[in-house]
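Undergrad: Next come a sequence and a model predicted from it.
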Amino acid sequence: MYTGGVKWGVRGAAALWVALALQAQDPLIAGREALERGDYPRAELFYREYLKQHPNSAEGLSNLAVVLARREKFDEAVATYRKALSADPKLTQIYFNLAVAYLRSEQYGNAVSALDQFLKSYPADNRARELLGICLVETGDLRRGIGELEKVLAADPHDVSAIFALAGAHIRAGDQARGQQLFEELEKGNAPPAQVHLLQGLVYYRAREYERAEKEIRSVLEYDPQSGPALAALGRLRLLRADEASAIEYFEKALKVAPQDAESNYYLGVLFDRKGQVAQGREHLNRAIALRPSYPEAMYTLGRIEFRSSNFKAALPLLERATKYAPNEDVIHLLLARTYQALGQQEKAKLEFAEVRRIQSSRINKAVTEFQGEEPALRLEPAPQEAAPNQ
């Protein structure tokens, strides 16, 4: 058919353009230019082409890893950064980017190790020291985390992000007075009031002080009614209070301001599915995954919808990807096991049920042995989860 010819022509033209571009210039230079203008898919193509000819190029590997991280392919970015370090161990500045990739994928312990390595070579880099403090706090090492953040603040008493991070660390450590004092310093330093209230609200949110969090975040809207982060945060807070109608309203408002917000799309997907509006739920969940390719909660929730609809073949790749990004979530492994069962893949199902038991056993042992006074880090996404029965 004629239309088929047109489609083939478009694809053929794109392939021809790429081939000509690769011949016309150095792929490394072309990749760098594409990266600078934000064309990440094309930058990735050029860097991969360059690495075919120069597989041990530390520069090519490092630049490819930057692109992969920008595209939220964090696992591959980490592996590629490590290849770059193997190719040239002297490029210790790569440890910073490696740490950021770990941080973005919430692997805080690994981020700490990478930042420690980076700071051995660049001890005066306060940007890295601040990230180290933040990651230490997330791992539960509050004492060392606060110490690192205090060093950053001592070097620059007006560093807004350091004040915010330190205030949050003190509040999580139970020192409300010091946390409040730091927020007052932000206000005295002429920081925008909307920003101060938003940061303070987010700190209270992570400390599970939800009433204080909501009060602060509502204050943001008095200064900036179109604050996307504030609207999305209020949606999460309303969801925690089981006020789903208000949560939907806030998330929809947030998406009008910031349509690329993956989290608001995810929450709307969850909420529409709960209301029985499955098509709308699928639409938002697919959008969340497109915006954030490493989003296991969205993959799991969409996989659960497909499983519930007996679309087992559609559920399978979603759940397999979700376990890759969240390997220690027993509910994901459980649903994956049931999906394998439904598809007649019994051996794979047995392996997944065994993994569920391993994770549950490990969690119980950790709960028994760890220090009971330590507050665990709060996950911001309250993904709906199914109870995992013993198999």
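TA: Okay, I see it. Numbers count the residues shown, from 1 in each chain.

Undergrad: Tell me how far residue 278 lies from residue 330.
TA: Distance, residue 278 to residue 330, by C-beta to C-beta, to the nearest Å: 25 Å. C-beta here means a position set from N, CA and C on the backbone, and glycine is covered the same way.

Undergrad: With residue 37 instead?
TA: Residue 37 is 43 Å from residue 330, where distance means C-beta to C-beta.

Undergrad: got it, and residue 231?
TA: Distance, residue 231 to residue 330, using C-beta to C-beta: 33 Å.

Undergrad: Count the neighbours of the closest residue to residue 31 other than its chain neighbours for me.
TA: Computed as C-beta to C-beta, 6 or more residues apart in numbering, the closest residue to residue 31 that is not its neighbour in sequence is residue 46, at 3.5 Å. Using other C-beta atoms under 10 Å, the number of residues around residue 46 comes to 28.

Undergrad: in what helix or strand does residue 46 lie?
TA: Element membership of residue 46, judged by DSSP states H and E, is helix 40-53.

Undergrad: Just want the angle from the following helix or strand past that helix to helix 40-53.
TA: On the C-terminal side of helix 40-53, the nearest following helix or strand under DSSP H and E is helix 58-70. Helix 58-70 runs at 150 degrees relative to helix 40-53, counting by axes from the mean of the first three to the mean of the last three C-alpha atoms, to 10 degrees.

Undergrad: Buried ones in the helix or strand just after helix 58-70, by neighbour count?
TA: Note on helix 58-70: by DSSP H and E, the next helix or strand toward the C-terminus is helix 74-87. Neighbour-count burial for helix 74-87, counted by 16 or more other C-beta atoms under 10 Å, picks out 74, 77-78, 80-81, 83-85, 87.

Undergrad: The chain - how does it break down into domains?
TA: The domain map for the chain lists 22-88, 226-283, 311-364, with the assignment taken from automatic domain parsing.

Undergrad: Dump those domains to TSV, plus mean pLDDT.
TA: TSV is the format used below for the domains of the chain (pLDDT from 0 to 100):
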stretch	mean pLDDT
domain 22-88	89
domain 226-283	94
domain 311-364	93
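
Undergrad: want to try a markdown table for the ones you listed, with distance to residue 131 as columns?
TA: Shown next, in a markdown table, are those (distance: least, C-beta to C-beta, whole Å):
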| stretch | distance to residue 131 |
| --- | --- |
| domain 22-88 | 14 |
| domain 226-283 | 20 |
| domain 311-364 | 21 |
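
Undergrad: And the buried residues of helix 74-87, which is closest to residue 119?
TA: Distances from residue 119 to the buried residues of helix 74-87, taken as C-beta to C-beta, are shortest for residue 85 (15.6 Å).

Undergrad: about what we covered before: out of the domains of the chain, which gets nearest to residue 209?
TA: Comparison of those against residue 209 by C-beta to C-beta identifies domain 226-283 as nearest, at 11.0 Å.

Undergrad: next helix or strand past the strand or helix carrying residue 231?
TA: Element membership for residue 231, per DSSP H and E: helix 228-240. Counting by DSSP H and E, the next helix or strand C-terminal to helix 228-240 is helix 244-257.

Undergrad: tell me what that following helix is packed against?
TA: Packed against helix 244-257, as judged by 3 or more C-beta pairs under 8 Å, 6 or more residues apart in numbering; DSSP states H and E, are the following elements: helix 228-240, helix 262-274.

Undergrad: Just to check, residue 42 is in contact with residue 34?
TA: Yes: if you go by C-beta atoms under 8 Å, residue 42 and residue 34 touch, sitting 4.4 Å apart.

Undergrad: more crowded one of residue 37 and residue 330?
TA: Shown here are residue 37 and residue 330; by other C-beta under 10 Å, residue 330 has more neighbours (21 against 9).

Undergrad: Quick check: the more buried one vs residue 338, distance?
TA: 13 Å.

Undergrad: Quick check: neighbours shared by the two?
TA: Contact criterion C-beta atoms under 8 Å, 6 or more residues apart in numbering; no residue bridges residue 330 and residue 338 by contacting each.

Undergrad: how about the CA coordinates for stretch 122-141, as PDB?
TA: Output of stretch 122-141 as PDB, limited to C-alpha atoms (Å, rounded to 0.1, in the frame of the first residue of the first chain):
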ATOM      1  CA  TYR A 122      38.900  16.600  45.800                       C
ATOM      2  CA  PRO A 123      38.600  17.300  49.500                       C
ATOM      3  CA  ALA A 124      37.500  20.900  49.100                       C
ATOM      4  CA  ASP A 125      34.500  20.100  46.800                       C
ATOM      5  CA  ASN A 126      31.600  21.200  49.000                       C
ATOM      6  CA  ARG A 127      29.100  20.200  46.400                       C
ATOM      7  CA  ALA A 128      30.200  16.600  46.800                       C
ATOM      8  CA  ARG A 129      30.500  16.900  50.600                       C
ATOM      9  CA  GLU A 130      26.900  18.100  50.800                       C
ATOM     10  CA  LEU A 131      25.700  15.100  48.700                       C
ATOM     11  CA  LEU A 132      27.700  12.900  51.000                       C
ATOM     12  CA  GLY A 133      25.900  14.300  54.000                       C
ATOM     13  CA  ILE A 134      22.500  13.800  52.400                       C
ATOM     14  CA  CYS A 135      23.300  10.200  51.400                       C
ATOM     15  CA  LEU A 136      24.600   9.400  54.900                       C
ATOM     16  CA  VAL A 137      21.400  10.700  56.400                       C
ATOM     17  CA  GLU A 138      19.400   8.500  54.000                       C
ATOM     18  CA  THR A 139      21.400   5.400  55.100                       C
ATOM     19  CA  GLY A 140      20.600   6.200  58.700                       C
ATOM     20  CA  ASP A 141      24.100   7.400  59.600                       C
END
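
Undergrad: Perfect, I'm done here.
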